[in-house]
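Participant: Take this sequence and fold it.
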Amino acid sequence: MTPDGKIVEMVHSNNCTSDYDAWINLFGKAVKVLGNEVSKSDLYDKLLGMLAYRYISGEHITHFGEGRPLVNVPVL
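Facilitator: Down below sits the predicted model:
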């Protein structure tokens, strides 16, 4: 509801785009410091295409006895 009690038909929610953008900018700066250039669009495509598998404490079903953080990184 609005401050004066009227019903609201629209909701705003945090979709984390500002967090993504901050990380993309940080990785872009790191790439540049290392002497390379990558477009922001390419960084988004590659970094958001990464898959993280949460094997932090092991998983008996897949025969991991202890934690192994795993990341699938797309080819750059």
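
Participant: alpha carbons only for contacts and neighbour counts from here, please
Facilitator: Fine.

Participant: quick check: longest helix of the protein.
Facilitator: Secondary structure of the chain per DSSP state H: the longest helix is helix 17-33.

Participant: Only the buried residues of it, if you could.
Facilitator: Burial within helix 17-33, assessed by neighbour count using 16 or more other Cα atoms under 10 Å, is assigned to Ile24, Phe27, Gly28.

Participant: if I pick the second one, what's in contact with it?
Facilitator: Under the criterion of Cα atoms under 8 Å, 6 or more residues apart in numbering, the neighbours of Phe27 are Leu43.

Participant: What pLDDT is listed against it?
Facilitator: In this model, Phe27 is scored at 92, pLDDT.

Participant: Make 42 the first number, not 1, from now on.
Facilitator: I'll keep to 42 as the first residue from here, and by that count the last item is Phe68.

Participant: circling back to that earlier point, can you list the buried residues of helix 58-74 in TSV and add distance to Leu111?
Facilitator: Output for the buried residues of helix 58-74, formatted as TSV (distance: Cα to Cα, whole Å):
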residue	distance to Leu111
Ile65	21
Phe68	20
Gly69	23
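
Participant: still on that earlier bit, relative to helix 58-74, how tilted is the helix or strand that comes right after the longest helix of the chain?
Facilitator: Downstream of helix 58-74, the first helix or strand assigned by DSSP states H and E is helix 81-88. Helix 81-88 runs at 100 degrees relative to helix 58-74, counting by axes from the mean of the first three to the mean of the last three Cα atoms, to 10 degrees.

Participant: Touching, Glu78 and Ala71? I think so.
Facilitator: No: the pair Glu78 / Ala71 is not scored as a contact, 9.9 Å apart, by Cα atoms under 8 Å.

Participant: thinking again about what came up before, dump the longest helix of the chain to CSV, keeping only the CA atoms.
Facilitator: The C-alpha trace of helix 58-74 is given here as CSV (Å, rounded to 0.1, in the frame of the first residue of the first chain):
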residue,chain,number,x,y,z
THR,A,58,21.7,-6.5,-11.6
SER,A,59,23.7,-3.8,-9.7
ASP,A,60,25.7,-6.7,-8.0
TYR,A,61,26.3,-8.4,-11.3
ASP,A,62,27.4,-5.1,-12.9
ALA,A,63,29.9,-4.4,-10.0
TRP,A,64,31.5,-7.9,-10.5
ILE,A,65,31.6,-7.5,-14.2
ASN,A,66,33.3,-4.2,-13.9
LEU,A,67,35.8,-5.6,-11.4
PHE,A,68,36.7,-8.6,-13.7
GLY,A,69,36.9,-6.2,-16.6
LYS,A,70,39.5,-4.1,-14.8
ALA,A,71,41.5,-7.2,-13.9
VAL,A,72,41.5,-8.3,-17.5
LYS,A,73,42.7,-4.8,-18.6
VAL,A,74,45.4,-4.7,-15.9
